Each structure stands twice: as structure tokens, then as C-alpha cells.
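Trainee: Everything below, folded, please.
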Amino acid sequence: MTGRPFQNLVAFSLLLICFKAWWRVGDAEIGCIEREREALLHFKQGVVYDYYGVLSSWGNGEDKKDYSLNVFKGILPPQLGNLSNLQSLDLGYNDGLTTCDNLDWLSGLPLLRQLDLSWVNLSTAIHWPQAINKMTSLIELHLSYTQLLIISFSQNNFSKSLVVLDLSGNGLTSSMYPWLFNLFRTSILVLLDLSSNDLNGSIPDALGNMTTLAYLDLSSNQLQGEIPKVTFNNISCLVDLYLFGNQLHGSIPDAFANMFSLQSLDLSRNQLEGEMPKSLRNLCNLRRLVLSSNNLVGLVEKDFLACSNNTLEALDLSHNRFRGTSFPNLSGFSRLRELDLGFNQLNGTLPKSIGLLPQLKRLDIRSNSLQGMVLMELDISASGISEVIPTWLWNFIPNLMWLNVSNNHISSTLPNITSYHPYLGMDMSSNFLEGSIPQSLFNALWLDLSNNMLSGSISLSCKITNQSGLGLSHLDLSSNRVSGELPQCWEQWKDLVVLNLANNNFSGKIKKSIGLLHQMQTLHLRNNNLTGALPSSLMNCRDLHLVDLGKNRLSGSLPSWIGGSLSDLIVLNLRSNEFNGSIPLNLCQLRKIQMLDLSSNNISGTIPKCLKNLTAMSQKGSSIIAYDEFVSNFDRQLSYVDNTLVQWKGKELEYTKTLRLIKSIDFSSNKLIGEIPMEVADLVELVSLNLSRNNLIGPIPTTIGQLKLLDFLDLSQNQLQGGIPDSLSQIARLSVLDLSNNTLSGKIPSSTQLQSFSASTYEGNPGLCGPPLLKRCLEDKDESGEVPFTGLNGKKDGIRDDANDIWFYGNIVLGFIIGFWGVCGTLLLHRSWRYAYFKFLNKIKDRLYVTTTISMNRLRRSFQS
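Mentor: Below you'll find the model as predicted:
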């Protein structure tokens, strides 16, 4: 059932029923029964989200507070039971924040006709079935998503008066059927909602006894078997029937032909088979028919819904196996607003008559082989269209608000559009479009021509005059062959949010006027031939989240204003340019940065210690760079998820939704000097760190093991010294490691992690030894007993180990001399001691013999007796 705001209904219902209003001239007052007044004020104390402020006038003095913009939460007050004249109580849909331990107070509301406790937690409530049983006037009962597991109403006048029953979303099983059908066998129930439970098995035949039902919802359960014919033959008064989201199979029964009042039928997301039944022709009141996501086959006949041509508003036959060359005749469907035939096997021509449907707002025929015209919206992406775009499409551009022909094989040129809709959005990406881009297309609101073969210059676009007053907000021309300089008229596109011109042949400098794009959040100019320095006007684009200028020939020093002015940056990619100078300290102000790539430039100086201030790399949580633009007149939301290329494990990979998982720093292939700052180890959320191909010296930070999430670490081709820290073996997720071509020394720490890498990981470090290198360390002698030369430090370690061996064996000899000869030698040299010793042993032997003999005789006598 659809959720409703409860505040207005509760407030006004309680006021109308409880208050006995009276007015006095010049001084209006409101009075009510004292116990009911106290109950209402106690109720008001729990309301903490009164959006319209309808309860703000309740009470006097301290009671008159502004409770706007709050929600009702906590335990329902039992004082509500004092409202004995109450007829309607709606406490539902409070985000699951309301609970109740005892609903016995409901028995104090004998006149109650409507009760809605949806989303109230009743898992621990007591006495509520007994209280509800006493409500002989109850007509509507809504208990959806109340965490009820057991229903135990007894049959009485309560069940005879009930018209509406909603038990959806409670995890109820089929064991509740006997109770349900016994309780309501003589009822006048009109609405029954059991959706989103755990009902299984087949649809029960006893449901057919509820002949008064007009609304039945069994959707989102685990029902199986065929749709029973007899059951639905008896329920001929149904207006709305929802069986979607189950596991029903078999064909659609002809029994639906008897449901002359049926207006909404949803059988989607099942396993239904066979053809469309001809009985659907008799449903003259049908407004909504949804049969999507089944296994229906056959031809869609032209007159399969002949009787409902004046009532049908939505038809969804998508994700089936309908086939044929003749498109259904829908020319007479004057109220049809939504038509979805996508993901079938239809082919042929989309008839022109479909453009005459006056109310049609949405048409989806994706993944078919149809051609034709559309009124407001056309999505024929991934439809296998080849060669040219059908000419009829351009004839309807003036009324078209959204056009998606992406992911086809279209190889034609783009025409110049003279008339267009002010909210026009076009996605023609991933085709083989050729030629130049017509100036008129830049009047669109959303334009995506990426991944084509378009060429020419876009500088002429400065001559366009937008008559609608709505500027281009999304422009993606990436991965084409567009050339020439960037436009100088950026102020004409001041509404741009996304600008993607990557992977083209643009040349020249970035114009200063680009700083006028104050709303821009994404800037892609990657892989062009741009030159010169970054214009300082770019600091005015303070909403930028992503800047990718990699693979150009930009030069000059890294601007210090990036850190201070572009503080919202999440991705900054300046790789493969000609930037020089040092890394500015202001760059450390990018607290939201998750990907920082300055690789393959001419940057010198040291790595700043303030990198520890890059908060996003040291704290959990990450961001997806995505934008949603809602076009109100179009009633549509256009979504865009950003992407960028990441140098990952030696390959350039494109990341979109998974971009948020990458937190990386890449300063490789520069001229950096000095040591790796210890503060780098504070960036504990780093996934990738690449400092290779620089002139770094000093040791690897001993605390580098703090980077537990590190998956990629490359420190190769520097001048790093000292040993490999033992803490490096604690990074369990490390899958790529390169420490080659440095001056590291000592033994490679023993661990499963570090020994799992190949020898190439450590090669080029003459002082390193131990597995996986073939070079043995001094303490690891080979089979021949020879000790390989390991330098002066190795000799000292060897001398120390030999001294330890001498002490070990010397102590063994000394212990043997003292222990053996100290006892045995004395007995051999002194006769009197030897005599006394053996005499002592004889006495012990005699005593043991006598004791054993006596014990055995006693046992023998006990067994004999």
C-alpha cells in the first residue's frame, strides 16, 4: 500500500472528534474534555517532525512550541485510549521509529473505524489482538511492516465489519491461511494486501470464497504453480490484481476474461509461458497491464487489447520473447502514456501512427530491430541499427525531449537541426558517426557524442544563439577526432557542469575564459596536444570535483592556488605533461582528494611532509563522482557517473563507479629528491603508492606497514638505502611490489607475503640476500659448507656466530665432565663409598621384594574368601 504522511490526518481527525468548539465575540477560545486534552498534549510531546506545524497551536504557555520539521518516534502513549470518540487513527509510516509494548488501550476506542499502525514496531506488543477483537466498528486495519510473525484474531463482529486489511511486509508464511479464510469466510472484505511476505506453495483455492474482493495483492512472495482458474473465476469483481515477483508458471488463464471490472493487472517477474490469451480483449476497463520479465512468446496481434483502447494508460511487455514483423495497432489508444516493448524479438518498421498517440510520454523499444517515430522520448540504444539514422527521426526532433541511439552501428553524418525542443537531451555515443558537429546541436541541454569518428573544429560553435535561455549543462565529445583550438566563448556555456573533450586532437592553450564556468564540476581534457600553463582563471571554478589534464604538453610550475581554490577536488590527474618546479605546499589543502597523479613530469624538490593532511586518504569513506539533473518540465532525471583512467599495475584502466575504491598517489617519473617522509605512513587508506623513477634517497620508512590496505607499491629506480622494513610483511593485501634498482641491503624479511614475489621485485640491489633471490645470506650456508662473501658486515656476523657455537659446545663438555665423572669417578676411587652405595641399593631391593610379596598374598586371600 502506498505510504501517506500521517501528521495532517492525525491532527485534524483528533481535533474534529475530540474538541467541542465554542467561540466568544472578541476573544475566541477553544475548549475540550480535560482527559482528552491531556491525552492530546501527551501525544504532541512525542511528535518531533510536524512538517506543516499543524500541532503548534496545541496547549498553552510552555505547550505552545514550534514542532515543525520533526518526526514522531518513541513509544505510543497509552493516553490515546482516553479518546473514546475517536473514529480514525493514523500513526503509520514514521520511518520505523515508533514502537509499542502494550496496545490494550485500543479497547478504549470502541468507535474507531480506521486504524493504521504501518511501520510501528509491534514485535514485542501484547494484548493487541484482544483489543482489536473488541473494535466492532473497525472498517480499515493497516498493519504493514509491523514485524508481526503470528496473527491470532478470533472470529467475532470485528471480522464481519472489516473491509480493508493490509498485512504486507511482515514475513508471514502460508501457515496463516487457515486462520485467514476461517476468520473472513462470511466477511465483506474488499481489500486484502499480503505482499512482501514469505508465502509459498500454490495460490490457495479458498481465496475464491472471498467473492467481495476488489483489490488483491500477493506480490513479492514465493508462490509457485499455475494461476488457478477456478479461484479467479469466482473473484469476478476484482479491480486491481498484483501477482508480480513470484515463481508462478504455466500460461495466463482465460479466467481473467470474466473480470470485467479489472483495471490493473501486474503478472511481471514470474515464469509464465505461452502466448497472450485472446481473453484479454474482453477487459474493457483495463488501465494498466504489466507482463514483463516472463517467458511469453508468439506474435503480438494487432487487436489483442481491442476493448481497452479508450482506457489503457500503461502497457509493459518487455523482457519476453515476443516476435514478429507487425507492430501492435495502438493508434486508437487515446490515453496511452507509457509503452515498453524492450528486450523482445520484434522487427520491422515502427509505424507512423504511433506518433499520433496524444498522451504518449515514454516509449522503450530497446534491444529489438524496430525503426520508426516517437513523440516525446525515444530510446533505441543497443538495437542493432546500422548504416544511417532513419530520416523520419529528424522530422520529429521539434517535439523530442530525449533521444538515445547509443551503442549502435550508425555511420552517417549529423544533420543541422533548425527546430528543437528547449529541453532536448541527446545521447548518440558509441557509434560510427562521421563528419563535423553541426552548430545547432550545441543548443541541446545534454549532448553526448563520445566514442565516434567525428572530426573538424568546434570553434564555430561560438556563433550559435540559444533562443530558449537554457544553456548546455553536459557536453561529452571524448574519443573522437575533433581538432583545432578550444573555443574562446566559454561564457556562452556558463551552465556547463560536465565538460569532457578527452582523447581528441585539440591544440593550443587553454583559454582564460574557461574560468567563467563557475558551475563546472568535471573537466576532462586528457590526451590532446594542449600547451602552455594552466590559466589562473581556473581558480574561479570552485565546484570542481575532477580535473584530468593528463597526456598533453602543458608546462610551467604547478599552480599553488589549486589547493586553496579547488578544495573540493576528489581527482587531480596531471600526468604526462611538462610541468616543472616543486610540489607546492598548498596542495596539501586538498582534504577530499582520493587520487593524486603528478607522474611523468619534470617536478623536482622533495616530497612535502604535509601530505598527512590529505584527510580522505587517511580516513574511511569515499565518494562517487556522480551528478543527477532533474528536468522539471520533462519529468525526467538525467544521471551521470564520472570516470577517469588510472595507471594501475602497469596498465591504464578506466574506472567509473569503482573509482571511489581507488585512493592513490603517483609521483613517479619525475626528479624528486630527498627521503620518503615518514608522514606518508599516516595515509592508512591508501591503495596505491608509486614513487618510482625519481632520485629519492634514505631508508624506506619503518612504519610503512601501517598502510594495511595497500595493494600496489612501487619504489623502484631510486637510490633508497638500508634494509627492507620488517613491517612491510604485515601488508597482507599487497599484490604488486617493486623495490628493484635501488641500493637496499641486508636480508629480505622472512614472510609468506614478501617471499611470494618474484626475484625481479628485488633485483638491482647488490646488498640484498635471501629468498626469493638466489643469493644466500651469511647465516644460510650452502650444501658444500662454503660461506658466500657478503662484505664486511657479513664477516662480523660470521665471527659472532662462531663465538656462540664455541660457548655452546664448551658448556656441553663441561656438563658431561661434572655430571658423569663427579659421581662415577668418586665411586671408582673410594672403596668405602662404593661399598656403602651398593649396600644401600641391596636394602632398597630387599624392601621392594618383601612389600610386593606381602601385597600379593593379601590379594590372593581376599579372592579365595
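Trainee: What does residue 586 show for phi and psi?
Mentor: Here the main-chain torsion angles of residue 586 (degrees, to the nearest 10) amount to phi -60, psi -20.
Trainee: Could you report the neighbour count for it?
Mentor: Neighbour count of residue 586, defined by other CB atoms under 10 Å: 17. (C-beta placed from N, C-alpha, C; glycine too.)
Trainee: what's it in contact with, if anything?
Mentor: Applying CB atoms under 8 Å, 6 or more residues apart in numbering to residue 586 gives the contacts 560, 561, 562, 563, 564.
Trainee: pLDDT value on the second one, please?
Mentor: With respect to pLDDT, residue 561 scores 93.
Trainee: hang on, the earlier thing: select from the contacts of residue 586 every entry located in helices.
Mentor: In helices, judged by DSSP state H, the following of the contacts of residue 586 are found: 561, 562, 563, 564.
Trainee: of those residues, buried ones?
Mentor: Those of the ones in helices among the contacts of residue 586 that meet the buried threshold are 562, 563, by 16 or more other CB atoms under 10 Å.
Trainee: need the ones in helices among the contacts of residue 586 in JSON lines with distance to residue 775, can you?
Mentor: Listed next are those as JSON lines, based on distance: CB to CB, whole Å:
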{"residue": "561", "distance to residue 775": "51"}
{"residue": "562", "distance to residue 775": "46"}
{"residue": "563", "distance to residue 775": "45"}
{"residue": "564", "distance to residue 775": "50"}
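Trainee: For residue 310, state which of the ones in helices among the contacts of residue 586 is nearest.
Mentor: Proximity to residue 310 was ranked across those by CB to CB; first place goes to residue 562, at 62.8 Å.
Trainee: follow-up on the earlier one: tell me the one of the contacts of residue 586 nearest residue 445?
Mentor: Closest approach to residue 445 among these (CB to CB): residue 562, at 30.4 Å.
Trainee: my guess is the closest one meets residue 569, correct?
Mentor: Yes - applying CB atoms under 8 Å, one finds residue 562 in contact with residue 569, separated by 7.5 Å.
Trainee: Would you enumerate the residues in contact with residue 223?
Mentor: With contacts defined as CB under 8 Å, 6+ apart, residue 223 is in contact with 199, 200, 201, 202, 203, 243, 246, 247, 248.
Trainee: ditto for residue 418
Mentor: For residue 418, the contacting residues are residue 440, taking CB under 8 Å, 6+ apart as the criterion.
Trainee: Is it in a helix, a strand, or coil?
Mentor: Remark: residue 418 carries the secondary structure label coil [criterion: DSSP: H, G, I helix; E, B strand; the rest coil].
Trainee: One more: residue 857?
Mentor: Residue 857 carries the three-state label helix when classified by three-state DSSP.
Trainee: Do I have it right that residue 320 meets residue 296?
Mentor: Yes - in this structure, residue 320 is within contact of residue 296 by CB under 8 Å, at 4.3 Å.
Trainee: Mutual contacts of residue 562 and residue 569, please.
Mentor: Any residue near both residue 562 and residue 569 by CB under 8 Å, 6+ apart counts here, and that gives residue 590.
Trainee: if we can go back for a sec, list buried residues within the contacts of residue 223.
Mentor: Among the contacts of residue 223, those classed as buried by neighbour count (16+ other CB under 10 Å) are 199, 203, 243, 246, 248.
Trainee: Return the distance of the fourth one relative to residue 195.
Mentor: Distance, residue 246 to residue 195, using CB to CB, to the nearest Å: 10 Å.
Trainee: Any stretches of the stretch 51-200 of the chain with poor pLDDT?
Mentor: Of all residues in the stretch 51-200 of the chain, those with pLDDT under 70 make up the ranges 51-74, 94-99, 149-159, 186.
Trainee: Repeat the analysis, applying 50 as the threshold.
Mentor: Within the stretch 51-200 of the chain, the set of residues satisfying pLDDT under 50 comprises 51-52, 60-70.
Trainee: now stretch 718-727: how far from the chain's centre is it?
Mentor: Offset of stretch 718-727 from its chain centre (CA atoms, centre = their mean, to the nearest Å): 40 Å.
Trainee: er, stretch 310-324 I mean
Mentor: Relative to its chain's centre, stretch 310-324 lies at 31 Å (CA atoms, centre = their mean).
Trainee: Tally up the residues packed near residue 531, please.
Mentor: The number of residues packed around residue 531, counting by other CB under 10 Å, is 15.
Trainee: Contacts only, for it.
Mentor: By CB under 8 Å, 6+ apart, residue 531 lies in contact with 507, 508, 509, 552, 553, 554, 555.
Trainee: Could I have the buried ones of those as ChimeraX selection syntax?
Mentor: In ChimeraX, the members of the contacts of residue 531 classed as buried (16+ other CB under 10 Å) are selected with the following command:
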select :552,554
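Trainee: Redo the contacts of residue 531 as JSON lines? Include secondary structure and distance to residue 341.
Mentor: What follows is the contacts of residue 531, written out as JSON lines (DSSP: H, G, I helix; E, B strand; the rest coil; distance: CB to CB, whole Å):
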{"residue": "507", "secondary structure": "strand", "distance to residue 341": "47"}
{"residue": "508", "secondary structure": "strand", "distance to residue 341": "48"}
{"residue": "509", "secondary structure": "strand", "distance to residue 341": "50"}
{"residue": "552", "secondary structure": "coil", "distance to residue 341": "46"}
{"residue": "553", "secondary structure": "strand", "distance to residue 341": "50"}
{"residue": "554", "secondary structure": "strand", "distance to residue 341": "50"}
{"residue": "555", "secondary structure": "strand", "distance to residue 341": "55"}
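Trainee: I'd like the contacts of residue 531 laid out as CSV, including pLDDT and distance to residue 380.
Mentor: As requested, the contacts of residue 531 are arranged in CSV below (pLDDT from 0 to 100; distance: CB to CB, whole Å):
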residue, pLDDT, distance to residue 380
507, 94, 36
508, 94, 38
509, 93, 40
552, 96, 36
553, 96, 41
554, 96, 40
555, 95, 45
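Trainee: Format the contacts of residue 531 as a markdown table; extra columns: distance to residue 160.
Mentor: Below are the contacts of residue 531 laid out as a markdown table (distance: CB to CB, whole Å):
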| residue | distance to residue 160 |
| --- | --- |
| 507 | 84 |
| 508 | 84 |
| 509 | 84 |
| 552 | 80 |
| 553 | 85 |
| 554 | 81 |
| 555 | 87 |
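Trainee: out of the contacts of residue 531, what pair is the most spread apart?
Mentor: The two members of the contacts of residue 531 with the most space between them (CB to CB) are 507 and 555, at 14.1 Å.
Trainee: just to revisit the earlier point, now list whatever residues contact both of residue 246 and residue 195.
Mentor: For the pair residue 246 and residue 195, residues contacting each of them under the criterion CB under 8 Å, 6+ apart are 218, 219, 220, 221.
Trainee: residue contacts, the closest residue to residue 87 other than its chain neighbours?
Mentor: Nearest-residue entry for residue 87: residue 113, 4.9 Å, with adjacent residues in sequence omitted and distances by CB to CB, 6 or more residues apart in numbering. For residue 113, the set of contacting residues under the criterion of CB under 8 Å, 6+ apart consists of 87, 88, 137, 138, 139, 140.
Trainee: Put the buried members of the residues you listed into a ChimeraX selection.
Mentor: A single ChimeraX command selects the buried members of these (16+ other CB under 10 Å):
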select :88,138,139,140
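Trainee: hmm, back to that, so which of the buried ones among the contacts of residue 223 is the closest to residue 261?
Mentor: Minimum distance to residue 261 across the buried ones among the contacts of residue 223 is 17.1 Å, recorded for residue 243 (CB to CB).
Trainee: isn't that closest one right next to residue 266, touching?
Mentor: Yes - with contacts defined as CB under 8 Å, residue 243 counts as touching residue 266 at a distance of 7.0 Å.
Trainee: What segments of the stretch 201-350 of the chain are helices?
Mentor: Under the criterion DSSP state H, counting those that start in this stretch, the stretch 201-350 of the chain contains helices at 229-234.
Trainee: Do a quick rundown of the strands in it.
Mentor: Taking DSSP state E, counting those that start in this stretch as the criterion, the stretch 201-350 of the chain contains strands spanning 215-217, 222-225, 240-242, 247-250, 264-266, 271-274, 288-290, 295-299, 314-316, 321-324, 338-340, 345-349.
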